[in-house]
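Q: Sequence below, structure please.
(2 chains)
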Amino acid sequence: MLSPKDSPLGKLLRQYVTVRIIRMDTIDIGLFEHDRNNTIYFYLLNADEQIYMRYGGRDNASPDTYLNIESLTLAAAKGLELHVNRPPAPPRPKPDFPKNYPLLVERTFARNQCVECHLIGDYQNLHRQQDGTLDKLVHLYRSPDLKTVGILLDVPKGLVLKEATGAAAAAGLQPGDRIAKWEGTEVWTFADVQHRYNETPRKAKEAKLTVERGGKMVDITMALPPQWWWAETKFRQSSVEPRFYFDDRPLTAAEKQEMGLPVEGFASRVKYVSSIARTMELHALQEGDVIAGIDGKRVDPDAHTGSLYLILRKSPGESAMLEVLRGGKKIEMPLKTIQMSFRK
Amino acid sequence: MIMRVLLLFLGLAAMAMGQDDDIVWLDNYAEAVKTAKATGKPIFLEFRCEP
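A: Have a look, this model is predicted:
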């Protein structure tokens, strides 16, 4: 039988003040700033509210991709070490509280309803949209996926690489490397890395890492590929992004050339259409259609698919005119977008 | 699945802690900070979404 209290993690937890928060009403979300679409997230800190490390993080595939008792045990042990040998404390972030978001207050607090974690992020973005401060590349594409740059972690071992492919392999990262620093800041967990990675300016062309390899520290500069920040966002239940209910994939350079489309363009092939699109009469796309252009444009510096172009350049409720290639014919197809309903 | 195991673990840990004064799961952050100041212990803070 599982005996948590006497397990390695249980023994470590006994050396902490343990606290579980399920209501965010009074929490300083400026200090405890993380992707609110995590169902569980941990901080190890001291009484001065100096955060030693974070633990948690997720990807589109699953909320528990990076959750593991072994790596949590490693983190808890490291947290105790850091508590003895305290690193310098970084400046404290500006305080922020859920009550600072009027729509969140109106639709949750004021109705004595639970402030669900994801609603905090959703309403922050809604306010940013209203204030004109929404940066879609940053705020919609929160938590870039490390796998996009070819970093696959051996999750039970924390930040040890199981495999390096793509940009990571090209930069010289190797299986067995342990990521020790991200942009010069020490990192101990996947959540630490994801937090730092998310702070990377979206126009950045490279990221600097330090890895521990065979007992030595090795500095690595990794070239970031185009759209390195892109990740699936379907697990975000409500969002200010426009919804249109189809999925697509980028065409390859060879496919674009064969169709006479610009190689640097965002032409994509539709791979899935939800019945919701037909029910709501949003568009008439079919699987296999090629989106060659939108509103007369075929190239965008940030988009690599038609769907990404729509997310980045359209607001919910806006319409667009698609240039669709189907069976060798070109079709001008209107498209409407909608917004997922927030709690009202 | 992993998260369910983790939640089960932490849930069982919480139950065990209820039976063992060595560990107490607080539900108030300010109280946790106060206790950490008094004991010199670090804080293990869990945010869990329970809609």
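
Q: shaky segments in chain B?
A: B:1-22, B:51 (pLDDT under 70).

Q: whoops, chain A was the one
A: A:1-4, A:342-344.

Q: which one is the residue in the stretch 151-300 of chain A positioned nearest to chain B nearest to, not counting chain neighbours?
A: Closest contact between the stretch 151-300 of chain A and chain B, by Cβ to the nearest Cβ, is at residue A:155 (8.6 Å). The C-beta positions use only the backbone N, C-alpha and C, and glycine is treated the same way. The shortest distance from residue A:155 to any non-neighbouring residue, by Cβ to Cβ, 6 or more residues apart in numbering or on different chains, is to residue A:68 (5.0 Å).

Q: and that neighbour, how many residues sit next to it?
A: Neighbourhood size, residue A:68 [other Cβ atoms under 10 Å in any protein chain shown]: 23.

Q: so how far is residue A:191 from it?
A: 12 Å (Cβ to Cβ, to the nearest Å).

Q: Name every strand pairing with the helix or strand hosting residue A:325 and say which way it goes.
A: Using DSSP states H and E, residue A:325 sits in strand A:319-326. Strand pairing for strand A:319-326, determined by DSSP bridges: strand A:290-294 (antiparallel), strand A:329-336 (antiparallel).

Q: Check which residues of it are buried.
A: A:320, A:322-325 (16 or more other Cβ atoms under 10 Å in any protein chain shown).

Q: Can you tell me which of the residues you listed comes closest to residue A:24?
A: residue A:320 (36.4 Å; Cβ to Cβ).

Q: so the closest one makes contact with residue A:294?
A: Yes: judged on Cβ atoms under 8 Å, residue A:320 makes contact with residue A:294 at a distance of 5.3 Å.

Q: I'd like the distance between the residue nearest to residue A:155 and residue A:34.
A: Applying Cβ to Cβ to residue A:68 and residue A:34 gives a distance of 18 Å.

Q: do residue A:204 as well
A: Relative to residue A:34, and taking Cβ to Cβ, residue A:204 is found at 21 Å.

Q: between these two, which one's more packed in?
A: residue A:34 (22 against 11).

Q: Return the residues in contact with the more buried one.
A: A:41, A:54, A:56, A:191, A:195, B:47 (Cβ atoms under 8 Å, 6 or more residues apart in numbering or on different chains).

Q: now the fourth one, what's its secondary structure?
A: With DSSP: H, G, I helix; E, B strand; the rest coil as the basis, residue A:191 sits in helix.

Q: Which residue comes closest to it once chain neighbours are left out?
A: residue A:54 (3.7 Å).

Q: Look up phi and psi at residue A:28.
A: The phi and psi values for residue A:28, taken as degrees, to the nearest 10, are phi -80, psi 100.

Q: how far away is it from residue A:235?
A: 26 Å.

Q: quick one, which of these two is more surrounded?
A: For the pair residue A:28 and residue A:235, the greater number of neighbours falls to residue A:28 (17 against 14), based on other Cβ under 10 Å.

Q: Note down every partner strand of the host helix or strand of the residue nearest to residue A:191 and its orientation.
A: Per DSSP H and E: residue A:54 is located in strand A:51-55. Sheet pairing of strand A:51-55 (DSSP bridges) gives strand A:40-45 (antiparallel).

Q: Pull the distance from the strand it pairs with to the chain's centre.
A: 18 Å (Cα atoms, centre = their mean, to the nearest Å).

Q: Show me the contact partners of that strand.
A: A:16, A:32, A:34, A:51-57, A:63, A:67, A:72, A:75-76, A:79, A:82, A:191, B:3, B:6-7, B:42-49.

Q: Output it in CSV with nothing but the alpha carbons.
A: The C-alpha trace of strand A:40-45 is given here as CSV (Å, rounded to 0.1, in the frame of the first residue of the first chain):
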residue,chain,number,x,y,z
ILE,A,40,-2.0,21.8,-10.3
TYR,A,41,1.1,23.9,-9.7
PHE,A,42,3.7,24.2,-6.9
TYR,A,43,6.0,26.8,-5.5
LEU,A,44,8.8,26.3,-3.1
LEU,A,45,9.6,29.5,-1.3
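
Q: just to revisit the earlier point, want to throw the contacts of residue A:34 into CSV with distance to residue B:29 and neighbour count?
A: Output for the contacts of residue A:34, formatted as CSV (distance: Cβ to Cβ, whole Å; neighbours: other Cβ atoms under 10 Å in any protein chain shown):
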residue, distance to residue B:29, neighbour count
A:41, 14, 23
A:54, 16, 26
A:56, 17, 25
A:191, 19, 25
A:195, 20, 22
B:47, 10, 22
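
Q: buried stuff in stretch A:158-178?
A: Going by 16+ other Cβ under 10 Å, stretch A:158-178 has these buried residues: A:158-161, A:164, A:166-169, A:171, A:173, A:177-178.

Q: ok, and what's touching it?
A: A:71, A:74-75, A:148-154, A:157, A:179-180, A:187-190, A:193, A:209, A:211-213, A:218, A:220-225, A:228.

Q: Inside strands: which ones of the contacts of strand A:40-45?
A: A:51-55, B:43-48 (DSSP state E).
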